[in-house]
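give me coordinates for this.
(one chain, ligands or ions: 1)
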Amino acid sequence: MMLSVYKSFLDIEASAFSFKVNDMCFIRRQQGKARYFGNYYYPAMAVCCCSSYFSIVGKGISCTPYPDTYHYLIKYLLQTNLENDIGKHSPITNCKNPIGQCAEPHAANNYLRKIKKRHPDPIPLFNIDSALYFSTPFRPRIKGPVLVPQLFPYCDNCKSTFVNCS
Ligand SMILES: [Zn+2]
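Model prediction:
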């Protein structure tokens, strides 16, 4: 029950965020600068997350993962659950996404950053892997005239990292 309430709330947030991402990329597309892959424009995915601890929403888009941009809790979570370094492929999931590339860990990272701003020190240490709830992954923009974001399932990396990505 709790999970579905959070999910409904987060899906509304993520839908709005998807349109925002699309708007931000609009000019770049007009200039022919927006990258695309197959049938969609980057960024491929947009996700929102929250927990029951703070009234904060973390927002993330899928993008190249750099170890230094990740909060140590997220970095630790990814590397221990997926048994490889950020940016590499997991030997246990065989997921095509490199570790840390997904919108979910970026949203979780953004969430922790926002907490840090409001509660400078120390960041409350709770079980971040089970405390966070995630929206459905949205693809902000496919090529062509369709403006409705597409919905996707969680990937195996995210399922293995976050308890509520199931
Ligand atoms: Zn994923």
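
quick one, phi psi at residue 35?
Backbone torsions of residue 35, given as degrees, to the nearest 10, read phi -80, psi 150.

thought residue 48 was touching residue 104, still the case?
No - using C-beta atoms under 8 Å, residue 104 is not in contact with residue 48; the gap is 9.8 Å. From N, CA and C alone the C-beta is placed, and that goes for glycine too.

now the helix or strand encompassing residue 7: average pLDDT?
Residue 7 is part of helix 2-30, with elements assigned from DSSP states H and E. If you average the pLDDT over helix 2-30, you get 89.

joint contacts of residue 104 and residue 48?
60, 134 (C-beta atoms under 8 Å, 6 or more residues apart in numbering).

gap between residue 137 and the ion?
7 Å (C-beta to the ion, to the nearest Å).

an error on my part: the question was meant for residue 84.
15 Å.

how about residue 53?
23 Å.

do residue 154 as well
Look at residue 154 and the ion: by C-beta to the ion, they are 6 Å apart.

pretty sure that residue sits against residue 165.
Yes - counting by C-beta under 8 Å, residue 165 is a contact partner of residue 154 at 4.2 Å.

list residues touching both of these two?
Shared contacts of residue 154 and residue 165, counting by C-beta under 8 Å, 6+ apart, come down to 104, 134.

which one's more surrounded, those two?
A side-by-side neighbour count of residue 154 and residue 165, using other C-beta atoms under 10 Å, places residue 165 first with 22 against 19.

what helix or strand does the more buried one sit in?
Residue 165 belongs to no helix or strand when assigned by DSSP H and E.

residues contacting it?
Residues in contact with residue 165 (C-beta under 8 Å, 6+ apart) are 104, 134, 154, 158-159.
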